[in-house]
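In: Show me how the following folds:
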Amino acid sequence: MDMMIAVILTIMTAATPLLLAALGELVVERSGVLNLGVEGMMVMGAVCGFGAALMTGSPWLGLFASIAAGMFMSLLFGFLTLSLVSNQVATGLALTLLGLGLSGQIGESFVGQPGVKLPNYDGFDPLIPFAILLAWGVSWFLFKTKAGLVVRAVGNSHASAHAMGYHVIRVRYLCVLFGGACAGLAGGYLSLVYTPQWIENMTSGRGWIALALVVFASWRPWRTVAGAYLFGAISILAFTVQTFAWGIPSQFLSMLPYLVTIIALVVISGNRMLTRANTPACLGQPFVPDR
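Out: Sure, this is the predicted structure:
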């Protein structure tokens with residue numbers, strides 16, 4: 001029984017950073033913005049959170065620093081895509097490259113230093129229930145409040161929302177900042193909870209999995225929870241199988257979560273009715289208000 005609880009907690013720990021980042025990106029995409037820079041925001045959150053915790057001795061201040069770093073990166077993305085109307089795909093990819101390079105530079109002196117781990121309670125860290133609560137909050141906000149209705153309206157038809165008097169750019173800025181905060185927090189979770197140390201490029205593609213989770217979940221928060229725990233379980237399974245040395249190449253096991261991600265996306269994309277019904281109609285489309 002104790003072993004089963006330990007396995008469940010391990011899966012939840014592996015799934016939490018994916019869930020946090022995916023929920024933030026879900027809100028961003030619901031507003032009609034496609035931010036492919038999740039990986040860059042996560043890794044910047046990881047290095048800034050680790051550095052702040054190391055210098056202050058407080059992992060909680062580290063988490064706040066990781067959130068601030070993610071929001072700063074998202075604000076840069078928002079300025080380029082929403083104010084200057086640059087291409088969202090290209091800007092998101094550039095944001096990831098910037099985050100990976102800048103984090104390596106910032107964290108050069110942190111390599112090999114022991115981290116400041118966020119305290120847990122009987123092996124249960126407080127961000128696990130927070131992520132579940134966040135999923136409930138996002139679901140309630142999007143589907144039970146007027147503000148959530150406005151976000152979905154902006155994502156489905158920004159021209160109609162603008163004609164009704166809603167400030168499309170402002171709504172999208174707020175959503176992008178929320179997504180950045182969640183991605184930064186996910187990165188901070190990696191360096192302060194999951195692996196309390198700094199390793200260059202320690203996100204290891206989790207930002208891309210978070211992006212895939214949003215599509216996998218058809219832009220629904222509770223499906224995102226299920227998807228995050230599924231991929232978390234696969235990651236732990238791959239790690240566990242490696243320890244038994246059953247002759248399976250370690251490279252194959254390492255790529256297993258990403259392989260499952262690709263397969264899931266292929267299967268989902270084959271269901272065109274489901275995709276059309278849930279995809280925000282204006283996703284990735286720029287908006288320039290009439291002057």
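In: can you pull the contacts of residue 86?
Out: residue 80 (CB atoms under 8 Å, 6 or more residues apart in numbering). C-beta here means a position set from N, CA and C on the backbone, and glycine is covered the same way.
In: could you say which helix or strand contains it?
Out: For residue 86, there is no helix or strand it lies in under DSSP states H and E.
In: for the longest helix along the chain, what is the average pLDDT?
Out: In the chain, with assignment by DSSP state H, the single longest helix is helix 2-30. Per-residue pLDDT over helix 2-30 has a mean of 90.
In: helices or strands next to the very next helix or strand once past that helix in the packing?
Out: Sequence-wise, the next helix or strand downstream of helix 2-30 (DSSP H and E) is helix 38-56. On a contact count with 3 or more CB pairs under 8 Å, 6 or more residues apart in numbering; DSSP states H and E, helix 38-56 meets helix 2-30, helix 59-78, helix 88-106, helix 168-189, helix 206-216.
In: For residue 232, which of those is the nearest?
Out: helix 2-30 (2.9 Å; CB to CB).
In: Report the angle between the closest one and helix 206-216.
Out: 70 degrees (axes from the mean of the first three to the mean of the last three CA atoms, to 10 degrees).
In: pLDDT score for residue 243?
Out: On the pLDDT scale, residue 243 gets 60.
In: try residue 277
Out: 68.
In: Residue 76 now?
Out: 97.
In: Next, the contact list for the residue nearest to residue 56 when sequence neighbours are not counted, please.
Out: Closest residue in space to residue 56, ignoring its immediate chain neighbours: residue 62 at 7.4 Å, by CB to CB, 6 or more residues apart in numbering. Residues near residue 62 by CB under 8 Å, 6+ apart: 49, 50, 51, 52, 53, 54, 56, 116, 118, 188, 191, 192.
In: Show me which of those is closest to residue 281.
Out: Using CB to CB, the contacts of residue 62 come closest to residue 281 at residue 188, 33.6 Å.
In: Hmm, the closest one is touching residue 43, no?
Out: No - assessed by CB atoms under 8 Å, residue 188 is found out of contact with residue 43, at 10.7 Å.
In: just to revisit the earlier point, centre of the chain versus the longest helix of the chain, how much separation?
Out: Distance of helix 2-30 from its chain centroid, counting by CA atoms, centre = their mean, to the nearest Å, is 10 Å.
In: Equivalent analysis for stretch 108-118, please.
Out: Using CA atoms, centre = their mean, the offset of stretch 108-118 from its chain centre is 22 Å.
In: Not counting it itself, show me its contacts.
Out: Outside stretch 108-118, the residues touching it (CB under 8 Å, 6+ apart) are 47, 50-51, 53-54, 57-60, 62-63, 125-127, 191-193, 196-200.
In: low pLDDT regions in the stretch 101-250 of the chain?
Out: 123, 241-248, 250 (pLDDT under 70).
In: do that again at 80, thanks
Out: 121-124, 236-250 (pLDDT under 80).
In: Shouldn't residue 218 be within a strand?
Out: No - assigned with DSSP: H, G, I helix; E, B strand; the rest coil, residue 218 falls outside any strand and is coil.
In: Skipping adjacent residues, who's closest to it in space?
Out: residue 278 (4.1 Å).
In: neighbours around that neighbour, how many?
Out: 14 (other CB atoms under 10 Å).
In: Now do it against residue 150, distance only.
Out: 18 Å (CB to CB, to the nearest Å).
In: and if you look at residue 39?
Out: Taking CB to CB, one finds residue 39 at 29 Å from residue 150.
In: More neighbours: which of those two?
Out: residue 39 (28 against 17).
In: wait, that one sits on residue 205?
Out: Yes - judged on CB under 8 Å, residue 39 makes contact with residue 205 at a distance of 7.0 Å.
In: returning to that earlier point: so which of the helices and strands packed on helix 38-56 is the most packed in?
Out: Of the helices and strands packed on helix 38-56, the one with the most neighbours on average (mean count of other CB atoms under 10 Å) is helix 168-189, at a mean of 26.
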